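In: Structural data only, the sequence is not supplied:
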């Protein structure tokens with residue numbers, strides 16, 4: 001998503017928000033499945049691809065809450081900037097879709113701790129490589145509270161839960177992305193499975209390991225973003241460095257003003273992605289607002 005590796009990596013899945021929400025139940029497989037390690041092509045419980053796509057946050061016509069989640073909400077500022085007036089040196093643009101993104105927390109995931117290229121410690125495998133993990137979102141918060149990001153996507157794209165290739169360039173016409181095109185195991189039916197932290201396997205015992213050459217991760221954030229102050233944009237529509245006023249966020253602590261600092265593979269045209277705190281659980285999606293107008297002051 002970011003200008004560097006994240007531009008290639010993250011939020012390809014944001015082009016299909018419902019897909020990401022459907023994957024969100026990865027963090028809550030049943031105890032029985034976690035311990036079974038059995039074969040077959042079962043879903044592995046309420047795991048990737050099997051969760052509810054409903055969300056109390058999504059498709060709302062009201063202003064975003066901007067708070068909650070694993071991080072403390074941004075405190076309201078008494079000196080928040082005022083909305084633009086008639087003398088402001090910018091212009092209104094219409095018909096924007098506003099979505100939200102966040103660094104994905106490792107605590108949501110259930111996979112075995114594994115070593116990863118570029119990282120000193122071990123991390124949950126599904127946090128690293130699944131379609132709701134760091135490989136898709138670009139960065140995440142580890143169990144140690146530190147930020148990590150994907151540094152290089154390596155070779156290969158994405159696969160579905162059945163192990164079939166699917167691509168962002170075709171808007172995932174091959175099926176919803178489930179995992180990177182490597183660093184997983186195939187079960188006896190050819191589907192994707194991975195070892196669980198609690199023991200056993202996610203979707204049947206792994207029979208064949210598929211490598212993913214070239215992928216690397218790194219410690220730290222990939223850009224100096226700030227919750228409810230940074231946004232991802234299409235630079236051909238809103239230049240990077242622009243100050244942007246979004247009326248729907250006028251009560252979220254910063255007066256509705258943002259800085260265009262980020263980009264994304266799925267952030268094209270009149271679309272803005274607001275960087276926010278992670279929600280309270282992976283089953284909660286971000287705001288999805290349509291037909292919004294925004295005020296843009298381009299950098300000098």
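Out: Thanks, I have the structure now. Keep in mind that what you see is a predicted model, and the values were worked out from it rather than measured.

In: shouldn't residue 225 be in contact with residue 277?
Out: No - between residue 225 and residue 277 there is no contact under Cβ atoms under 8 Å: 11.6 Å. Yep, even glycine has a C-beta here, placed from its N, CA and C like the rest.

In: Pull the number of nearby residues for residue 206.
Out: Around residue 206 sit 19 other residues, with neighbours defined as other Cβ atoms under 10 Å.

In: what's the spacing between it and residue 194?
Out: Plainly put, residue 206 is 7 Å away from residue 194 if you go by Cβ to Cβ, to the nearest Å.

In: Mind listing the shared neighbours of these two?
Out: Residues touching both residue 206 and residue 194 (Cβ atoms under 8 Å, 6 or more residues apart in numbering) are residue 185.

In: could you say which helix or strand contains the residue nearest to residue 160 when sequence neighbours are not counted?
Out: Using Cβ to Cβ, 6 or more residues apart in numbering and skipping residues adjacent in sequence, the residue nearest residue 160 is residue 175, 3.8 Å away. For residue 175, there is no enclosing helix or strand under DSSP states H and E.

In: Just list the residues touching residue 175, thanks.
Out: With Cβ under 8 Å, 6+ apart, residue 175 has these contacts: 160, 162, 164, 166.

In: What pLDDT is listed against it?
Out: According to the prediction, residue 175 has pLDDT 95.

In: I'd like the distance between it and residue 264.
Out: 21 Å.

In: cool, residue 239 as well?
Out: 15 Å.

In: which of the two has more neighbours?
Out: residue 264 (25 against 13).

In: I figured that one hits residue 272, correct?
Out: No - the criterion here is Cβ under 8 Å, and residue 264 misses it with residue 272 at 10.0 Å.

In: Need the overlap of contacts for the two.
Out: Shared contacts of residue 264 and residue 272, defined by Cβ under 8 Å, 6+ apart, comprise residue 232.

In: what's the helix or strand for the nearest residue to residue 271 once chain neighbours are set aside?
Out: With sequence-adjacent residues excluded and distances taken as Cβ to Cβ, 6+ apart, residue 271 is closest to residue 97, at 4.9 Å. Per DSSP H and E, residue 97 falls inside strand 91-101.

In: burial measure for the nearest residue to residue 225 once chain neighbours are set aside, as a count.
Out: With sequence-adjacent residues excluded and distances taken as Cβ to Cβ, 6+ apart, residue 225 is closest to residue 275, at 4.9 Å. Residue 275 is flanked by 20 other residues according to other Cβ under 10 Å.

In: now residue 275, which residues is it bridged with?
Out: Counting by DSSP bridges, residue 275 forms beta bridges with residue 101.

In: Show the contacting residues for it.
Out: Residues near residue 275 by Cβ under 8 Å, 6+ apart: 100, 101, 102, 225, 226, 227, 228, 229, 230, 231, 232, 262.

In: Which ones among those lie within strands?
Out: Counting by DSSP state E, the part of the contacts of residue 275 found in strands is 100, 101, 230, 231, 232, 262.

In: Among those residues, which one has the most neighbours?
Out: Counting by other Cβ under 10 Å, top hit in the ones in strands among the contacts of residue 275: residue 232 with 33 neighbours.

In: For residue 194, give its distance to residue 148.
Out: According to Cβ to Cβ, residue 194 stands 19 Å off from residue 148.

In: Could you list the residues in contact with stretch 209-224?
Out: 2-6, 103, 116-120, 128-129, 134-135, 138-139, 146-156, 180-186, 230, 261-262.

In: hmm, back to that, so what does the strand holding residue 97 touch, helix or strand wise?
Out: Applying 3 or more Cβ pairs under 8 Å, 6 or more residues apart in numbering; DSSP states H and E, one finds that strand 91-101 contacts strand 271-275, strand 289-297.

In: okay, those strands in TSV with mean pLDDT and distance to residue 170 next?
Out: Listed next are the helices and strands packed on strand 91-101 as TSV, based on pLDDT from 0 to 100; distance: least, Cβ to Cβ, whole Å:
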stretch	mean pLDDT	distance to residue 170
strand 271-275	96	19
strand 289-297	96	24
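
In: out of those, deepest packed?
Out: By mean neighbour count, with neighbours taken as mean count of other Cβ atoms under 10 Å, strand 271-275 ranks first of these at a mean of 23.

In: so where do the strands sit in the stretch 51-200 of the chain?
Out: Taking DSSP state E, counting those that start in this stretch to define them, one finds strands in the stretch 51-200 of the chain at 91-101, 104-105, 113-115, 122-124, 139-141, 147-153, 158-159, 165-166, 179-180, 184-186, 192-193.

In: now for those strands, which one comes closest to residue 254?
Out: strand 91-101 (14.6 Å; Cβ to Cβ).

In: Appreciated, that's everything.
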